[in-house]
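K.L.:
Build me a model from this:
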Amino acid sequence: MSGLLGAAVWGGLGGWLAWRVHLPGGAVVGAMLAAAIFNFTHSERAVMPAGLEVSIQIAVGVMIGLSADRSLLPVLRTVLPLALLGALGLLLFGFALAALAVQLGWMDAATALFGFTPGGISVMSLVAAEEGGQPAVVATMHFVRVMTILLAAPLLVRLWLHLRGGA
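P.N.:
Numbering: from 1, shown residues only. Model prediction:
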């Protein structure tokens, strides 16, 4: 349990620091990086207990759900088809990258497919393990994806808005 407590302290401090310096994705990015660094630098790997992980996921789901209001309903007609198209495009691109990785001999098919398929780190890693893939490799691939997106997306949005004249 001390490993988990240490990782939580590191993650809390990393999240607070990243939030304070206005890092894109702030608290989440800082907490993820600091907790990962903790696990890389300590002999005892910290692991989140399943019950606590589910509780945190529920809390995050509630937090995101509370950001919705009735004004969202008319927007869904426009957003839903685009979201489905985007998901299909990401799946097809992920499958193409997975096929390339397998063809080049970089990893097995299950690991490649679940590593390049968009989804949550924990869920995709669990499903990969059930299907004979390497969950640690899948988790690493998704961690890199999430970190890259959390760091790059806000910067790209700011640049795009600036180029469009703040629209």
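K.L.:
all contacts plus neighbour counts: C-alpha atoms, from now on.
P.N.:
Fine.
K.L.:
So for stretch 15-26, mean pLDDT?
P.N.:
Mean pLDDT, taken over the full extent of stretch 15-26, equals 86.
K.L.:
swap that for stretch 92-104, please
P.N.:
So the average pLDDT for stretch 92-104 ends up being 97.
K.L.:
Touching, Val102 and Asp108? I think so.
P.N.:
Yes: using Cα atoms under 8 Å, Val102 is in contact with Asp108, at 5.8 Å.
K.L.:
What number of residues are in the vicinity of Arg38?
P.N.:
Not Arg; residue 38 is Phe. 22 (other Cα atoms under 10 Å).
K.L.:
Identify the residue nearest it in space, chain neighbours excluded?
P.N.:
Spatial nearest neighbour of Phe38, chain neighbours left out: Ala7 (5.8 Å); criterion: Cα to Cα, 6 or more residues apart in numbering.
K.L.:
got the contact list for that neighbour?
P.N.:
Counting by Cα atoms under 8 Å, 6 or more residues apart in numbering, Ala7 touches 34-35, 38-39, 46.
K.L.:
For it, pull up the helix or strand it's in.
P.N.:
helix 2-20 (DSSP states H and E).
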